[in-house]
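Chemist: Below: sequence and its predicted model.
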Amino acid sequence: MDTITIKDEYIKLGQAMKLAGLVGEGVEAKFAVQDGKVKVNGEVDTRRGKKLYDGDIFSYQGKEVKVVSK
């Protein structure tokens with residue numbers, strides 16, 4: 001499982017996907033999330049603006065990424 005480290009209290013799902021290198025552009029994240037292809041903590045979430053906090057795990061195309069706060 002990969003991790004991304006955030007400085008703030010939370011990161012939005014679309015931004016987290018870009019930071020993790022799962023998508024190249026925000027629009028790619030937008031469509032992946034809208035199409036129900038992204039899971040947050042094991043459940044499909046269709047909100048690109050979903051806030052992810054320390055310990056949250058999201059997955060896309062078989063890759064899991066954990067959010068870690070500094």
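Modeler: On my side now, so go ahead.
Chemist: Please report the distance of the closest residue to K37 other than its chain neighbours from G26.
Modeler: In this structure, K37 finds its nearest non-sequential neighbour in Y60, 6.3 Å apart by CB to CB, 6 or more residues apart in numbering. The way it works is simple: take the backbone N, C-alpha and C, and place the C-beta from them, glycine included. According to CB to CB, to the nearest Å, Y60 stands 14 Å off from G26.
Chemist: neighbour-wise, which of those two wins?
Modeler: Set Y60 next to G26 and count neighbours by other CB atoms under 10 Å: Y60 wins out with 19 against 13.
Chemist: Do a quick rundown of the strands in the protein.
Modeler: For the chain, the strands defined by DSSP state E occupy 2-6, 10-12, 38-40, 43-44, 51-53, 57-60, 63-69.
Chemist: Serialize the ones you listed to CSV and add fields for mean pLDDT and distance to G21.
Modeler: Output for the strands of the chain, formatted as CSV (pLDDT from 0 to 100; distance: least, CB to CB, whole Å):
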stretch, mean pLDDT, distance to G21
strand 2-6, 97, 8
strand 10-12, 98, 14
strand 38-40, 98, 14
strand 43-44, 97, 21
strand 51-53, 98, 16
strand 57-60, 98, 11
strand 63-69, 97, 9
